[in-house]
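**Q** Provided below for reference: sequence and predicted model.
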Number of protein chains: 2
Amino acid sequence: MNSPISFELVSESGMARAGVLTTSHSTIETPMFMPVGTLATVKSMTPEDLEKMGARIILGNAYHLYIRPGHELIERMGGLHKFMNWSGSILTDSGGFQVMSLSQLRKISKDGVEFRSHIDGSKHFLSPEKSMEIQKALGSDIVMAFDECVKHPATKDEVEKSLDLTTDWEKRSRAYSLKPHQALFGILQGGMYPDLRKKHFQMMQDIPFDGWAIGGLSVGEPPAMMYEILDSTTPLLPKEKVRYLMGVGTPEDLIEGVRRGVDIFDCVMPTRNARNGTLFTSKGKIHIKNAKYAEDSSPLDENCDCYTCKNFSKSYLRHLFQSGEILGSRLNTLHNLHFYIQLMRRIREAILAKNFDEFRTTFYRSYLQNDQEEV
Amino acid sequence: MNSPISFELVSESGMARAGVLTTSHSTIETPMFMPVGTLATVKSMTPEDLEKMGARIILGNAYHLYIRPGHELIERMGGLHKFMNWSGSILTDSGGFQVMSLSQLRKISKDGVEFRSHIDGSKHFLSPEKSMEIQKALGSDIVMAFDECVKHPATKDEVEKSLDLTTDWEKRSRAYSLKPHQALFGILQGGMYPDLRKKHFQMMQDIPFDGWAIGGLSVGEPPAMMYEILDSTTPLLPKEKVRYLMGVGTPEDLIEGVRRGVDIFDCVMPTRNARNGTLFTSKGKIHIKNAKYAEDSSPLDENCDCYTCKNFSKSYLRHLFQSGEILGSRLNTLHNLHFYIQLMRRIREAILAKNFDEFRTTFYRSYLQNDQEEV
């Protein structure tokens, strides 16, 4: 079967990979971070802002868009790309994670999940077929299979039991006929149990997915546990397919993910933290509300060339944050996303130069220096 | 006395005037609308956004900036222009109006006004000298005299009594030594009484102000009453000085103000309405939350070339508004401010072409057509 996307491996440095992912909407140099655009908007950003900072792919949420404004409305408006005027690529998640984390009164059966909307309490039913129908209507470039997200922590028994159901749901996702330009990624589950991760891959490996995602991580476990699972999971995956670590993470997580062979990431952290006043810099995280920034006329990060750092002081950003000004959310988000995307660009350059491990050491030396003081 | 600003009258069409106002920061073609930047930010806009749409002067609020982050902090950060990175001109109001409208427990004496902060209830005292000290620290290009804003409605007796106090306060404002680049505008009061407006001007006319403002309007009176006061006030003012109608207003108010000889305006209407989903178009106001826009794929205004209208549909803007998304506030504000500034630009062109009245008729024919339906 011809894949609607292509992935070319360009360089490796240890297990770290630099590649080029091509969809019908954009060419994406990997490793890449995908800003999260839950409700057909990356909060506070225009598409122009995202393009300028080098974002080439964003994530949309099937669950949220199904609830409002509705996938059928978006389809009638020409699809998600046109609706939000985004010319890059879009990956949509399946809604499975949100149904488990946000909605009330879930009832899981072999068919799917019955749940109530977190907005108005209305009753809905999500199944593999329904999730595919929603993502097809949205017209995303990369569609995620519908899986079961087990709560964390879960016993080995609970996780193992869910593998049959999630494998069945992912097979049914693949059987659904998407639009010709839409790729479908499979999601590997298995909780915090390396042998179940391996078992799940063995159950899934013959399903012809266009890429592989690692799900069920960054759900509250310590970073070391996540890295251990990655250590035992990424080596299973075919080298020629793109690899996506879902919902991850901190700058450290991105570096450790790439180090273990992951290509693409998404996380609300840079955007949500921005709105909460936590900002990423080359010297570590800072909390802009801290009184010591009240009269600090220096930029957030001397090494950053984003619009925020080129034009505004910490003092001004603190004032905007303390006053609850919209512009504060916007300038902070611009900076944090720029930081994430710039980090991925520098990681890629290091992989191309075959000195990823050196880059990693240098980055941590600078980034972790504020830890005592700030985090 | 040499004025730190210059005003050149370029053309007239009836009483409507086109001019050029020059401060040490920018050249401003009048008539001009000043976006309101209460807390050192025009809500949701970057300086870059404002420059792109043609804003050359914005308004800052002495009262708000005194309360937070403090005028002394802003002065230590290099002044308001540098603090907010705005390279155009800034006019600051005196705080007199906010003290009366926002704060609690006012106590007025000949010296000034004792009041409590609307943020934390702390006690403060504002006098002509204190207001000048604040505006001097902010470093605005145009400083407003400290006046007494009488409540509306007020009896003729109440208004007349306040003229002595406000004239004294404005004289004391003029006596204060500002920075060399700072101009000072006098404010005419007199409520809704044409003869008191005339009396106040006679009391004030010998004070060497760099420009004249008309205060105490748009405080709840019907538009016809405001226009009547303008009819009897603007003819009193010297032609060679710039005229500023404070806190006004609707697009109709701007046109009627210009028609009566006003040069500059400010109002929170375009920015506040934007955040509340009320949008100005060449065919009148629309409320974007209206269900009829849910699947309307057309732009807000076919005749508008702002970023919002060039890139997004009413359907998308409605979705952002309904979802409380920050981007909605931003795109709506961009549009409304662009509409106001574009309106002033077209008014100016009409004055230069000596056909202002024709422009006015044409504008109203289109603008008022939605009134039945929307407003």
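**A** In hand now; what should we look at?

**Q** residue boundaries of the strands in the stretch 251-375 of chain A?
**A** Along the stretch 251-375 of chain A, counting by DSSP state E, counting those that start in this stretch, strands occupy A:264-266, A:278-281, A:284-287.

**Q** Mind giving me the packing neighbours of the shortest one?
**A** This points to strand A:264-266. strand A:32-34, strand A:242-245, helix A:251-259 (3 or more C-beta pairs under 8 Å, 6 or more residues apart in numbering or on different chains; DSSP states H and E). In short, each C-beta sits where N, CA and C put it, glycine included.

**Q** Partner strands of it, with direction?
**A** According to DSSP bridges, strand A:264-266 has the following sheet partners: strand A:32-34 (parallel), strand A:242-245 (parallel).

**Q** Going by neighbour count, which residues of the shortest one are buried?
**A** Counting neighbours by 16 or more other C-beta atoms under 10 Å in any protein chain shown, one finds that the buried residues in strand A:32-34 are A:32-34.

**Q** Make sure residue A:244 is actually in contact with residue A:210.
**A** No. In this structure, residue A:244 is not within contact of residue A:210 by C-beta atoms under 8 Å, at 10.8 Å.

**Q** so what sits against both of the two?
**A** Counting by C-beta atoms under 8 Å, 6 or more residues apart in numbering or on different chains, the common neighbours of residue A:244 and residue A:210 are residue A:185.

**Q** who has more neighbours, these two?
**A** Neighbour totals were compared for residue A:244 and residue A:210, and residue A:244 leads with 27 against 22 (other C-beta atoms under 10 Å in any protein chain shown).

**Q** how about the nearest residue to that one, chain neighbours excluded?
**A** Closest residue in space to residue A:244, ignoring its immediate chain neighbours: residue A:213 at 4.2 Å, by C-beta to C-beta, 6 or more residues apart in numbering or on different chains.

**Q** element containing that neighbour?
**A** strand A:211-214 (DSSP states H and E).

**Q** Tell me the gap between that strand and the middle of its chain.
**A** Distance of strand A:211-214 from the chain centroid (C-alpha atoms, centre = their mean, to the nearest Å) equals 12 Å.

**Q** Need the residues that contact that strand.
**A** Here strand A:211-214 makes contact (C-beta under 8 Å, 6+ apart) with A:5, A:7, A:142, A:144, A:183, A:185-188, A:229-230, A:233-234, A:237-238, A:241-246, A:262.

**Q** Now find how far off-centre the helix or strand following it is within its chain.
**A** Sequence order places helix A:223-233 as the next helix or strand after strand A:211-214, per DSSP H and E. When distances are taken as C-alpha atoms, centre = their mean, helix A:223-233 is centred 17 Å away from the chain's centroid.

**Q** Okay, buried residues for stretch A:296-304 please.
**A** Using 16+ other C-beta under 10 Å as the test for burial, stretch A:296-304 gives A:296, A:299-301, A:304.

**Q** What average pLDDT does stretch A:308-323 get?
**A** Averaged across stretch A:308-323, the pLDDT comes to 98.

**Q** whoops, I mixed them up, stretch A:48-63
**A** 98.

**Q** what residue of chain A is the furthest out?
**A** Outermost residue of chain A with respect to the C-alpha centroid, by C-alpha atoms, centre = their mean, is residue A:295; its distance is 35.5 Å.

**Q** wait, isn't it in contact with residue A:315?
**A** Yes. With contact defined as C-beta under 8 Å, residue A:295 and residue A:315 form a contacting pair (5.5 Å).

**Q** shared neighbours of those two, anything?
**A** B:73, B:77.

**Q** Could you check the pLDDT of residue A:99?
**A** pLDDT, residue A:99: 86.

**Q** for it, what are its contacts?
**A** Residue A:99 is in contact with A:63, A:106, A:113, A:115, A:126, counting by C-beta under 8 Å, 6+ apart.

**Q** which of the residues in the helix or strand harbouring it are buried?
**A** Element membership for residue A:99 (DSSP H and E) is helix A:96-101. Buried positions in helix A:96-101, judged by neighbour count with 16+ other C-beta under 10 Å: A:96-100.

**Q** cool, and stretch A:243-260?
**A** Across stretch A:243-260, burial judged by 16+ other C-beta under 10 Å covers A:243-251, A:253-260.

**Q** Check the separation of the first and last residues in stretch A:148-164.
**A** Using C-alpha to C-alpha, to the nearest Å, the end-to-end distance of stretch A:148-164 comes to 10 Å.

**Q** which outside residues touch it?
**A** In this structure, residues lying in contact with stretch A:148-164 by C-beta under 8 Å, 6+ apart are A:96-97, A:100-101, A:108, A:165-166, A:169, A:189-193, A:196, A:199-200, A:203, A:215-216, A:219-221.

**Q** Try it again at 6 Å.
**A** Outside of stretch A:148-164, the residues that reach it under the criterion C-beta atoms under 6 Å, 6 or more residues apart in numbering or on different chains are A:96-97, A:100, A:165-166, A:191, A:193, A:196, A:200, A:219-220.

**Q** Buried ones among those residues?
**A** Listed as buried from those are A:96-97, A:100, A:165-166, A:191, A:193, A:196, A:200, A:219; burial here means 16+ other C-beta under 10 Å.

**Q** Paired strands for the strand holding residue A:213, with orientation please.
**A** Paired strands of strand A:211-214, with direction, are strand A:183-188 (parallel), strand A:242-245 (parallel) (DSSP bridges).
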